[in-house]
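Participant: sequence unavailable; structure follows:
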């Protein structure tokens, strides 16, 4: 290794890099939904890609002002790049819980997995098979809803499910696919 930089110095340099990149793309200091889609190369997104990007945008817009500012952007980048599995699972749960009631029902999971599959393509299971398998494996009280605790404990205790969810719903992979798909389809 080259220098004697501390972790704090490395993180500060990375944050400076992200700040410069963010301000170059968003001179106002705030990323709107429109700018986000433009940044991702989504001029004419499919309905599923549009829904997914809007859902992700709204989750990262933590103060709900309609913009992602630099602190919200850094939080998103840190989650995607450095997030621990339990942090990512909490984020996935929030993504799946479309109505925000604190539980995921089959309709919500089916809806988001259908959107992801439309973007990702070639999945091993259909959205219906995936949804049924998830509920069969981790809905311990069989009430047709997954609480945050059921979701995290169930996914963490099943190696195959953890890998499948991580691979299917990994934000960085999905965004790369959206970007490359848009650029090549024009």
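Facilitator: Noted; the coordinates are in hand. Just so you know, these numbers come straight off a predicted model, no measurement behind them.
Participant: how close does residue 23 sit to residue 101?
Facilitator: With distances taken as C-beta to C-beta, to the nearest Å, residue 23 is found 37 Å from residue 101. Heads up, the C-betas are built off the backbone N, CA and C, glycines and all.
Participant: same thing with residue 127?
Facilitator: 21 Å.
Participant: repeat that for residue 148.
Facilitator: Computed with C-beta to C-beta, the distance linking residue 148 and residue 101 is 11 Å.
Participant: pick out whichever of those two has more residues nearby.
Facilitator: Set side by side, residue 148 and residue 101 give different neighbour counts by other C-beta atoms under 10 Å, the larger being at residue 148 (15 against 10).
Participant: skipping its backbone neighbours, what lies nearest that one in space?
Facilitator: Distance criterion C-beta to C-beta, 6 or more residues apart in numbering; nearest residue to residue 148, sequence neighbours excluded, is residue 93 at 5.3 Å.
Participant: number of residues surrounding the one you found?
Facilitator: Burial of residue 93 is recorded as 20 neighbouring residues (other C-beta under 10 Å).
Participant: so residue 139 makes contact with residue 147?
Facilitator: No - contact criterion C-beta atoms under 8 Å: residue 139 and residue 147 do not qualify, at 9.4 Å.
Participant: hey, where'd the helices end up in this protein?
Facilitator: Under the criterion DSSP state H, helices of the chain are mapped to 7-25, 33-39, 47-60, 70-82, 85-96, 106-120, 127-138, 148-156, 159-169, 171-185.
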